[in-house]
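Participant: I would like the atomic coordinates for the input below:
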Amino acid sequence: MDEYLPLSQLSYFRNEIGLDESRLAAIRPYAAMLTAHSEAAGSYLGELYRMVIPKPQMEIIAEYFGGTLQDFWFRWYSRLWDRPWDEDFLAELWRQGVTSARMGIDLQYVMLGEVKSRQIFLRAIRDEIAMEMRAPVVLAVNDLLDLCLIVRSKGHVYHRSHVDQSLMQGIFHQTRNPLTVIGGMATRLARNADPAVRESAHAILDEALRLERMTRDISTLNSIGLSEPSIATLDASAMIGEALEGLRSGPLWPQGLTPENSLDPAHPTLQADASLLREILKQVLVNALEAMPPEAPALRVATRVDAATPSHLSIVVSGPGALPQDQDVDALFLPFNSTKPQGTGFGLPIALLAARKCRGQVNLAQAGAEVVCTVKLPLEPQTFDAGDPIRLDA
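Facilitator: This next block holds a predicted model:
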């Protein structure tokens, strides 16, 4: 697995927490005192991880850590209090999180180790620093250990997620080839003169194609979930036109269908990842095409800014159809939930996940004899500005 290191995001966490030179200056005079308690933290973490790590991993772990787990954590906490909190520091924290996942340590134990280590150092501050000098040290140590927890946890989750992605991609590729063979054989059998053989062959072919679509959709959903979107300003009209044109020549497009477009000229752009927006539009439009009756096809695509969500552009896709009466609408956004005979139940979940990655939303509603799907995406770049970090010791 190629190393992935999101330094810009990790630096954002550090800066938002407020870890700067003034925080380091508050800790530095007490570095020796805190280091004296590093052995206790290292001892606890060494024993904790030795208890929860699968035994076959222990030799590999000892080699990676360059000695015992206790020694590693003692060295780490001994250097923590006076080293710069720079990109090398963030990278080391990230790799610790990734390594803990690789070695089979559950995230709950990583977090427990962080909590218990914090207790050791805060107890030392309480016992060994005069009360009038204590507050800035406590705040700085808490903030520093918060950063350690965030970065290690993120590295741990990243590694576990990419292991899952590799598994899902492997399942997709390993099932696609046999399904292609099964589909080819079923196609040949469908040419048989015997009606019973043809019927069975068509049933096999239909199910093989459905299973192939399902594995592809699972792979797509998994990939979107692990993606880091590249948000940019996109032309809404161009993206919608591209999506419609891509479907127009496909098998789902009803004969004689001419979509009605009503796009808001006052808001021509939106903020999204281009590949994710293509996926959103494809899934939403396919869902509309599959839902409409073939004898009376109709499709309307509009963009507008709703008063309730003025910061987002609404892309509204509507057409004739009916939502299921026997289940909640939210259930349609769950995987494997499909009302179509050959459906996989992944179209709407893919669209929703992709929209959320772009800080948007997808909603579905019945409006008279029509089903209306509304995609909301930001009009302007979404920046989080909380102002200067809160300094409780100021």
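Participant: what are the boundaries of the helices in the stretch 101-250 of the chain?
Facilitator: For the stretch 101-250 of the chain, the helices defined by DSSP state H, counting those that start in this stretch occupy 107-128, 131-189, 195-226, 236-248.
Participant: what helices or strands is the first one leaning on?
Facilitator: Applying 3 or more CB pairs under 8 Å, 6 or more residues apart in numbering; DSSP states H and E, we find helix 107-128 packed against helix 31-36, helix 38-52, helix 87-102, helix 131-189. Backbone N, C-alpha and C define where each C-beta goes, glycine included.
Participant: let's have those in JSON lines, adding mean pLDDT.
Facilitator: Below are these laid out as JSON lines (pLDDT from 0 to 100):
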{"stretch": "helix 31-36", "mean pLDDT": "93"}
{"stretch": "helix 38-52", "mean pLDDT": "84"}
{"stretch": "helix 87-102", "mean pLDDT": "89"}
{"stretch": "helix 131-189", "mean pLDDT": "81"}
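Participant: can you tell which of the ones you listed is closest to residue 268?
Facilitator: Taking CB to CB, helix 131-189 is the member of the helices and strands packed on helix 107-128 nearest to residue 268, at 35.3 Å.
Participant: who does that closest one touch, helix- and strand-wise?
Facilitator: helix 7-17, helix 21-27, helix 87-102, helix 107-128, helix 195-226.
Participant: okay, these in JSON lines with distance to residue 44 next?
Facilitator: What follows is the helices and strands packed on helix 131-189, written out as JSON lines (distance: least, CB to CB, whole Å):
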{"stretch": "helix 7-17", "distance to residue 44": "24"}
{"stretch": "helix 21-27", "distance to residue 44": "21"}
{"stretch": "helix 87-102", "distance to residue 44": "15"}
{"stretch": "helix 107-128", "distance to residue 44": "5"}
{"stretch": "helix 195-226", "distance to residue 44": "33"}
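Participant: where does residue 355 fall, phi/psi-wise?
Facilitator: The phi and psi torsions at residue 355 (degrees, to the nearest 10) take the values phi -60, psi -40.
Participant: nearest spatial neighbour of the residue most central in space within the chain, chain-adjacent residues omitted?
Facilitator: Centroid-nearest residue in the chain, with CA atoms, centre = their mean: residue 225, separated by 3.7 Å. Excluding the flanking residues, the one nearest residue 225 by CB to CB, 6 or more residues apart in numbering is residue 353, at 6.1 Å.
Participant: am I right that the one you found is in contact with residue 221?
Facilitator: Yes. Taking CB atoms under 8 Å as the definition, residue 353 is a contact partner of residue 221 at 6.4 Å.
Participant: the more surrounded of these two?
Facilitator: Using other CB atoms under 10 Å, the more surrounded residue of residue 353 and residue 221 is residue 353, with 23 against 18.
Participant: where does the more buried one sit: helix, strand or coil?
Facilitator: helix (DSSP: H, G, I helix; E, B strand; the rest coil).
Participant: one step back: which one of the helices and strands packed on helix 131-189 lies nearest to residue 73?
Facilitator: Nearest of the helices and strands packed on helix 131-189 (CB to CB): helix 107-128, 8.1 Å.
Participant: look up the closest residue to residue 145, ignoring the ones flanking it.
Facilitator: Once flanking residues are discounted, residue 145 sits nearest to residue 118: 4.9 Å by CB to CB, 6+ apart.
Participant: who touches the one you found in this structure?
Facilitator: By CB atoms under 8 Å, 6 or more residues apart in numbering, the contact list for residue 118 reads 141-142, 145.
Participant: ok, residue 293 next?
Facilitator: With CB under 8 Å, 6+ apart, residue 293 has these contacts: 320-321.
Participant: by mean pLDDT, flag the weakest helix or strand of the chain.
Facilitator: helix 58-65 (a mean of 52; mean pLDDT, DSSP states H and E).
Participant: picking that back up, close enough to count as contact, the residue nearest to the centre of the chain and residue 161?
Facilitator: Yes. Shown here, residue 225 and residue 161 form a contact pair, counting by CB under 8 Å, at 7.5 Å.
Participant: and the closest residue to residue 370 other than its chain neighbours, how far from residue 308?
Facilitator: Distance criterion CB to CB, 6+ apart; nearest residue to residue 370, sequence neighbours excluded, is residue 318 at 5.0 Å. The gap separating residue 318 from residue 308 is 18 Å, by CB to CB, to the nearest Å.
Participant: more crowded one of those two?
Facilitator: Each of residue 318 and residue 308 has its neighbours counted (other CB under 10 Å); residue 318 has more, 21 against 8.
Participant: buried residues in the helix or strand containing that one?
Facilitator: Here residue 318, judged by DSSP states H and E, is contained in strand 312-320. For strand 312-320, a neighbour-count test (16 or more other CB atoms under 10 Å) marks 312-320 as buried.
Participant: one step back: most tightly packed of the helices and strands packed on helix 131-189?
Facilitator: Among these, helix 87-102 has the highest mean neighbour count (mean count of other CB atoms under 10 Å), at a mean of 19.
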